[in-house]
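1. Return a 3D structure for these sequence lines:
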Amino acid sequence: MESDKDWHAKQYVMFERERTRPVRDLLGAVADTGDVKSAVDIGCGPGNSTEVLIEHVPDAIVTGLDSSPDMIAAARKRLPHCRFDTVDIATWRPAASLDLILANAVLQWVPQHERVFPQLIDALAPAGRLAVQMPDNLDEPAHRLMREVAAAGPWASKLKGAERTMRFGADWYYALLKPLCSRVDVWRTVYHHPLADADAVVEWFKGSALRPFLAALDAGEQTAFLSEYRDAIAQAYPAQPDGTVLLPFPRLFIVATRAAS
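-> Numbers count the residues shown, from 1 in each chain. As a prediction, the model looks like this:
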C-alpha cells in the first residue's frame, strides 16, 4: 500500500463531488459577501473547497492552508494563481484580521475546541465570519466498526488511541461562540451518499477517518485490517436492490459572525 504522503490527496478526491457538496451548502448560508476582501480556507485539502470559496467571494484575496504537503501540492496544481501554504492549523495565526475564515471538514482533527474556536473568532475583523463544517458521525456504524476491528485484532496495541473521539453538540458550540459573536447559526444535516458497493464505503473512509489507523500499521496489517473492516461494512450497510449502498453521513455546520465592536 502507498504511504499516507503518497496517496492522501489522490484518495480524498475519489469522492470529490460528494465531499464538496457540504462546503457549497455551508457557503450558501454565508450571505452578503460583497464586502469580503480577505478570506482563508484552513484545511484546504486538494483545493476543492478553496475553489468553491473563490467562486463565493470573487473579489477577495483568498489563501488556502493545510498541514499536508501532499494536499498543498495538489491544491497548487489545481489553482496555480491562488496562494497555498503548509501550516499547523492548531497554532496558525493570521498576520492581519480576516473577513471570512472557512474550515471545511478539518477542525474535527484539531483538539481543544474551547481554545481554538475563540482564537479563530479573534482572527476575524469586526463583523467577519467563521464558517465551519465538521463530520458528526462518530456514532455511525462505519466509525463504530473501525474501533471494534482495531480493538479486536492483533494490532490492538498499535491502534490504541488512533480513533477520533471528540464529540460536541450544537448547543455546546452555540454557548461557546455566542458571547463573542453577534450571530451564531448552527445546524446538522445527514447526507445519504449513494456509493457503488461496500468496497466504495471503505475507499471513502481510506481518504479520511481510516488514515490514523492505517498509518500505524505495516503493509500486511493494513491489508488484513481492511479485509475485516470491509466484511463488517458489508453487513452494516446492505445493498439496495440495484446494488447501490447508501452511506448516511451526518455533518454539523456553524456560521458565526464576530461582534461588530
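2. What's opposite the residue nearest to H192 when sequence neighbours are not counted in the beta bridge?
-> Among residues not flanking H192 along the chain, L246 sits closest, at 4.9 Å (CB to CB, 6 or more residues apart in numbering). Yep, even glycine has a C-beta here, placed from its N, CA and C like the rest. L246 has these beta-bridge partners by DSSP bridges: P194.
3. Quick check: L246 touching A196?
-> No. Between L246 and A196 there is no contact under CB atoms under 8 Å: 11.4 Å.
4. Compare neighbour counts for these two and give me the winner.
-> Taking neighbours as other CB atoms under 10 Å, L246 and A196 compare with L246 leading, 15 against 12.
5. Contact partners for that one?
-> H192, H193, P194, L195, Y237, Q240 (CB atoms under 8 Å, 6 or more residues apart in numbering).
6. try G153
-> Counting by CB under 8 Å, 6+ apart, G153 has contacts L159, A224, F225, E228.
7. okay, it: pLDDT?
-> Looking at G153, its pLDDT is 95.
8. Of the contacts of G153, keep whichever come out buried.
-> Buried subset of the contacts of G153 (neighbour count, 16 or more other CB atoms under 10 Å): L159, F225, E228.
9. quick revisit: now rank the contacts of L246 by neighbours and give me the top one.
-> The contacts of L246, ranked by neighbours (other CB under 10 Å): first place Y237, 21 neighbours.
10. That residue against T244, yeah?
-> No. Using CB under 8 Å as the test, Y237 is too far from T244 to be in contact (10.3 Å).
11. Just confirm V62 is within a strand.
-> Yes. Under DSSP: H, G, I helix; E, B strand; the rest coil, V62 sits within a strand.
12. Quick check: beta-bridge partners of it?
-> On the basis of DSSP bridges, V62 is bridged to A39.
13. One more: P135?
-> Beta bridges link P135 to R251, judged by DSSP bridges.
14. That one is in contact with F249, isn't it?
-> Yes. Counting by CB under 8 Å, F249 is a contact partner of P135 at 7.0 Å.
15. hey, which helix or strand in the protein has the poorest pLDDT?
-> Lowest on mean pLDDT, DSSP states H and E among the helices and strands of the chain sits helix 4-12, with a mean of 48.
16. what about P179, how many neighbours?
-> Other residues near P179 come to 10 when the count uses other CB under 10 Å.
17. looking at it, A196 is touching A239, isn't it?
-> No. Under the criterion of CB under 8 Å, A196 makes no contact with A239, lying 9.6 Å away.
18. Pull up the overlap in contacts between these two.
-> Counting by CB under 8 Å, 6+ apart, the common neighbours of A196 and A239 are V245.
19. now the strands for this protein?
-> Ranges of strands in the chain, per DSSP state E, are 38-42, 61-66, 83-86, 98-104, 124-135, 181-195, 245-258.
20. distance between stretch 41-60 and the chain's centre?
-> Taking CA atoms, centre = their mean, to the nearest Å, the mean C-alpha location of stretch 41-60 is offset from the chain mean by 14 Å.
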